[in-house]
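K.L.:
Based on what follows, work out the 3D shape:
(2 chains)
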Amino acid sequence: RKEVEQDPGPFNVPEGATVAFNCTYSNSASQSFFWYRQDCRKEPKLLMSVYSSGNEDGRFTAQLNRASQYISLLIRDSKLSDSATYLCVVKRDDKIIFGKGTRLHILP
Amino acid sequence: DTGVSQDPRHKITKRGQNVTFRCDPISEHNRLYWYRQTLGQGPEFLTYFQNEAQLEKSRLLSDRFSAERPKGSFSTLEIQRTEQGDSAMYLCASSLTYDSSGNTIYFGEGSWLTVV
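P.N.:
Model (predicted):
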């Protein structure tokens, strides 16, 4: 079993819709959590950190459930430019571990 | 530009040849990571440095792979006797030991390797 698991998708979503991604991690010692965005053939870029209390950045909301070892990302009012792969990232000790990513296609 | 830079951005090599990639991290970052990414997969951890010390190596890093960070600044990743399975994007990233965001890492644009 992979340490960080994500549904690979693709999620095909009409513009303006709300879409949610989930991620689970297997090691309860994991300390920090992030969502990264990666465009095709580009490097990953930090989208947002994920805090225990949940956090929001514009149309993006991230949630963490430590008891269930589960992280989520919600995108509201999706835009064509949101089309990308979303990587769930977990930090444990000094290791930073990536999920395989979830592909999102926003349809016009 | 003060981001992470990698060189070369693209490399095509014949099987059996050696290749070397260079990474220049963000200047005040003391941690440097190497990852490998193939199509449809997330980045896979290869190794990381704290200053000049190589603190961890993945089992993915076979004997043909070696990484150095001699002065705690730039790093090199060398692949000897390349195989077709080495074809991937090699990503370098850097971070501070600690920051308020919990060690956010910043990636370079990657070095694409194609072994023919």
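K.L.:
Run through the chain and note the low-pLDDT ranges.
P.N.:
The chain I'm using is chain A. Counting by pLDDT under 70, chain A has no low-confidence residues at all.
K.L.:
that's the wrong chain, I wanted chain B
P.N.:
Those would be B:1-2, B:98-103, if you go by pLDDT under 70 across chain B.
K.L.:
and the lengthiest strand in chain A, is it in reach of chain B?
P.N.:
When chain A is parsed with DSSP state E, its longest strand is strand A:84-92. Yes. Using C-beta under 8 Å from any C-beta of the partner chain, strand A:84-92 reaches chain B at A:Leu87, A:Lys91. All C-beta spots, glycine's among them, are computed from the backbone N, C-alpha and C.
K.L.:
so what secondary structure elements neighbour that strand?
P.N.:
Judged by 3 or more C-beta pairs under 8 Å, 6 or more residues apart in numbering or on different chains; DSSP states H and E, strand A:84-92 is in contact with strand A:4-6, strand A:19-25, strand A:32-38, strand A:70-75, strand A:95-98, strand A:102-107.
K.L.:
Now tabulate those in CSV and tack on mean neighbour count and distance to chain B.
P.N.:
Shown next, in CSV, are these (neighbours: other C-beta atoms under 10 Å in any protein chain shown; distance: least, C-beta to the nearest C-beta, whole Å):
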stretch, mean neighbour count, distance to chain B
strand A:4-6, 20, 8
strand A:19-25, 19, 11
strand A:32-38, 22, 4
strand A:70-75, 19, 14
strand A:95-98, 20, 4
strand A:102-107, 18, 9
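K.L.:
Compare the ones you listed and give me the one nearest B:Glu28.
P.N.:
strand A:95-98 (18.5 Å; C-beta to C-beta).
K.L.:
what sits up against the closest one?
P.N.:
A:3-4, A:25, A:36, A:44, A:87-91, B:33, B:35, B:42-45, B:48, B:56, B:93, B:103, B:105 (C-beta atoms under 8 Å, 6 or more residues apart in numbering or on different chains).
K.L.:
ditto for stretch A:29-40
P.N.:
A:25, A:44-50, A:60, A:62, A:64, A:69, A:71, A:73, A:84-93, A:98, A:101, B:102-104.
K.L.:
now the strands: where do they sit in chain B?
P.N.:
B:5-7, B:10-13, B:19-24, B:31-37, B:44-50, B:53-57, B:65-68, B:75-79, B:88-95, B:106-107, B:111-115.
K.L.:
Format those as a markdown table; extra columns: mean neighbour count and distance to chain A.
P.N.:
Listed next are the strands of chain B as a markdown table, based on neighbours: other C-beta under 10 Å; distance: least, C-beta to the nearest C-beta, whole Å:
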| stretch | mean neighbour count | distance to chain A |
| --- | --- | --- |
| strand B:5-7 | 18 | 9 |
| strand B:10-13 | 14 | 11 |
| strand B:19-24 | 19 | 12 |
| strand B:31-37 | 24 | 7 |
| strand B:44-50 | 20 | 6 |
| strand B:53-57 | 13 | 7 |
| strand B:65-68 | 18 | 15 |
| strand B:75-79 | 20 | 15 |
| strand B:88-95 | 24 | 6 |
| strand B:106-107 | 20 | 4 |
| strand B:111-115 | 18 | 8 |
